[in-house]
Each structure stands twice: as C-alpha cells, then as structure tokens.
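Undergrad: below are the sequence and a predicted model; questions follow.
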Amino acid sequence: MVIKNITKKFDEETIIQNLNVTINDNEITCILGPSGCGKSTLLNIIAGIIEPDDGSIDDKKEKIGYVFQEDRLLPWKTVYENIQLVNKKASKEKINDLIELVGLKGDQHKYPSALSGGMRQRCAIARAFNFESQLLLMDEPFKSLDYDLRIHMVKNLIDIWKKWNNSIVFVTHEIDEAILLGNKIIVLNKNPCTIEKNIQIEKNQHLRSLSDEELIQVRTEIIQCLTTDNKKI
Ligand SMILES: Nc1ncnc2c1ncn2[C@@H]1O[C@H](COP(=O)(O)OP(=O)(O)OP(=O)(O)O)[C@@H](O)[C@H]1O
C-alpha cells in the first residue's frame, strides 16, 4: 500500500503535510512520533474512517482490522466467543490455536471481567487475527501495560504474526516495542506531521534482542529524533 502526498487539516490547521509512506505486504511498520503529531489521524485515514484533504492511497487493502488502546471486548461474551464473533466461519481448531498462541489456553470460557488488562488485550489481538485482515492497524495496543508485560506481549505478537502473516501498522510511544517489532520504523515529527526518519531493520524479529549492537544504535538514532531540546544524548 502506498500513501501518497497525504495532507490533513483540522480547523484550518495543517496536521499532516504531504506525507508519503509505503506499507509493504507481510511486514510490520512501526510509527513513532511526539504526542499529538497525527499518528492516530494517519491510522484513521488508512482505515478510511477520515478523509484526507489531499493525496491518495494506492493499492488500498479491502479488509482492514483495528486494535485500539482499549480492548473493546464484549463483556457478555467469553474469550472464545469474543474471538469467534469476527469470523463465524473460523474452525474451532483455529480459534483454539489463536487462544494458545496468545497464552490464554484454559481461560477460553472466562468473561472479560474475570481477566486482567493484559489478558483482555491478548484476547483482542487473537480476535484481530481471527478477522483475517490483509492489514492490521494497532494504535498503542499495549499502552496500559507495565514494561515487563509489554515486552511479553510484543513476543506474543511476533509469534502470532509469524504464523498468520499479514501487514501490520503499529503505532507506539515505546522505542523498545518498535525496535523489536518493526521491519520498518517511521519516526514522525510535529507541526505539521512529516517524516523525520525512515529506518529499515533486516534482522528476523525472532532473533532480535534489546542488547543487539544494531538495535542499540537504532534506539539511539530514534531518541535523537524524538529529543527536541538537545539533539546530543
Ligand atoms: N476530529 C478532530 N478535530 C479537530 N482536531 C483533531 C481531531 N482529531 C485530531 N485532532 C488534532 O490533530 C492532532 C493530531 O491528533 P492525533 O490524535 O492524530 O495525534 P497522535 O499523534 O495520535 O497523538 P497521541 O500520541 O497523543 O495519541 C492533535 O492536535 C489533535 O488535537
């Protein structure tokens, strides 16, 4: 999918200006940027929820899934039923496989109220993969979780994505999430939102560790982009 020259204004203020982004098939594209720079707006434009003022999207995906900061599970349905809901044709085996992949085996008959925040978010991720979208948009899905759980969720996501490969656009404020997940990391700047840096990481996600020399270097580059008052760290 190719996002071409997208411009979006709200109340005469230009939020996004002439943004060009290519989302490659079967890759994870991570988007980082300062608060309020337009990350969610960009996701909403990709999803077709809001229209840009200018620009176009080529090779648009028909089937797009969305995972939000909140899990948005139906409280009156069990884990299994919440996942099943988005794709009634999915086999029992597939749903059970997804439940196992996100570490909820044994919890499939529980209602959301009986789950922790992390478990609910894992259920939301399994549901998103059951939807079988060509493109999955994830807007800070692990925001409410502590660091340890977040890294655990990132590993879960890598396992499930490797198995049910699709394209993911993942918005986050957490640099570690981006460098563990992204085939491509796009760092945006603000007022208006344009691309500050576009980083490609070739290393297989399963083989990455936060102590890898290459990733430490990428981390430093990203911090420099996101630190406004002093570019030296
Ligand atoms: N519907 C709207 N009407 C007017 N202004 C809006 C609307 N939606 C977003 N904005 C403004 O556009 C800018 C970008 O908002 P957006 O939510 O896309 O940023 P973001 O990068 O996702 O922020 P955060 O990291 O804090 O979640 C903000 O200044 C916001 O106030």
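TA: That came in fine, so what should we check first?
Undergrad: mind listing what's buried in the lowest-mean-pLDDT helix or strand in the chain?
TA: Scoring the helices and strands of the chain by mean pLDDT, DSSP states H and E places helix 147-163 at the bottom, with a mean of 88. Residues of helix 147-163 classed as buried by neighbour count (16 or more other C-beta atoms under 10 Å): L149, R150, I151, H152, M153, V154, N156, L157, I158, I160, W161. Bear in mind the C-beta positions are built from the backbone N, C-alpha and C, glycine included.
Undergrad: neighbouring strands - and their directions - for whichever helix or strand comes after that helix?
TA: Tracing the chain past helix 147-163, the next element assigned as helix or strand by DSSP states H and E is strand 167-171. The sheet places strand 167-171 alongside strand 28-32 (parallel), strand 135-139 (parallel), with pairing taken from DSSP bridges.
Undergrad: with mean neighbour count, mean pLDDT and distance to the ligand added, can I get these in CSV?
TA: CSV is the format used below for these (neighbours: other C-beta atoms under 10 Å; pLDDT from 0 to 100; distance: least, C-beta to the nearest ligand atom, whole Å):
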stretch, mean neighbour count, mean pLDDT, distance to the ligand
strand 28-32, 25, 97, 9
strand 135-139, 24, 95, 7
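Undergrad: show me what from the protein comes close to the ligand.
TA: Counting by C-beta under 6 Å from any ligand atom, the chain comes close to the ligand at F10, D11, I15, G33, S35, G36, C37, G38, K39, S40, T41.
Undergrad: per-residue pLDDT, the last one?
TA: Yep, that's T41 we're talking about. Looking at T41, its pLDDT is 95.
Undergrad: part of a helix, is it?
TA: Yes - membership of T41 in a helix is supported by DSSP: H, G, I helix; E, B strand; the rest coil.
Undergrad: where in the protein is pLDDT low?
TA: For the chain, the stretches with pLDDT under 70 are 229-233.
Undergrad: ok, the residue most central in space within the chain - contacts?
TA: By C-alpha atoms, centre = their mean, the chain has its centre lying nearest to F170, at 2.1 Å. With contacts defined as C-beta atoms under 8 Å, 6 or more residues apart in numbering, F170 is in contact with I28, T29, C30, I31, M138, P141, E177, A178, L181, G182.
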